[in-house]
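> Next comes the sequence, and after it the predicted model I'd like to discuss.
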Amino acid sequence: MNCAAQGFTLIELMITVAIVAILAAIALPAYQGYTTRAKLSEVVLALGACRTSITELYQSGGSGPGANNWGCEAVSSRYVGSLATDDNGVVTATIAGISTTVNGKTVTIIPMVTTGTPADVITDMGRGLQAWSCGGTGTTVDKSNLPSSCRGN
């Protein structure tokens, strides 16, 4: 009776396990970076809540409300430790609950009256805003961790 062996040899199984381990070692850092960027996109969304109220105040004119009085600082988010505004409407979010590489760091959005010119309440109230700069001056998170929509533009 001729019985053929069936199944995998030990060497074949070891090679398969080694290939899977190499692929996992390559994929894990990429996945961790992806999850950090995904969580930071929620921080950027929380900053977006301030964009609306600050834009409306710049559009309507009058005088600036002052630091932390723009009406959006109470935004609650899982990954935002605190949200602060300055006299000119620059919004700064302090990151919490994501990872040790980004916790405690900040992301900012800056109101712009023209490309490259930040808004100033003394000269620009009533003029309106042209754009917002996300991830620019005041941002302490490494740009590679930020979503692509928030890398200094």
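Here it is on my side, so go on.
> which non-adjacent residue is nearest residue 89?
Distances taken as Cβ to Cβ, 6 or more residues apart in numbering place residue 54 nearest to residue 89, at 4.2 Å, with adjacent residues excluded. The way it works is simple: take the backbone N, C-alpha and C, and place the C-beta from them, glycine included.
> Quick one: residues contacting that neighbour.
Taking Cβ atoms under 8 Å, 6 or more residues apart in numbering, we find residue 54 in contact with 70, 72, 85, 89, 91, 111, 129.
> out of those residues, which are inside helices?
In helices, judged by DSSP state H, none of the contacts of residue 54 are found.
> will you turn those residues into TSV that also has pLDDT and neighbour count?
Shown next, in TSV, are the contacts of residue 54 (pLDDT from 0 to 100; neighbours: other Cβ atoms under 10 Å):
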residue	pLDDT	neighbour count
70	90	22
72	88	20
85	94	23
89	92	29
91	95	28
111	94	25
129	91	19
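> Run through the protein and note the low-pLDDT ranges.
Within the chain, the ranges that satisfy pLDDT under 70 run 1-5, 153.
> Quickly find the element holding the most centrally placed residue in it.
Against the mean C-alpha coordinate of the chain, by Cα atoms, centre = their mean, the closest residue is residue 40 at 3.4 Å. When secondary structure is defined by DSSP states H and E, residue 40 falls within helix 10-60.
> ok, residue 47 - how many residues close by?
By other Cβ atoms under 10 Å, the residues close to residue 47 number 24.
> Relative to residue 83, how far out is residue 132?
Distance, residue 132 to residue 83, by Cβ to Cβ, to the nearest Å: 15 Å.
> Am I right that residue 36 is in contact with residue 100?
No - contact between residue 36 and residue 100 fails when scored by Cβ atoms under 8 Å: they sit 10.7 Å apart.
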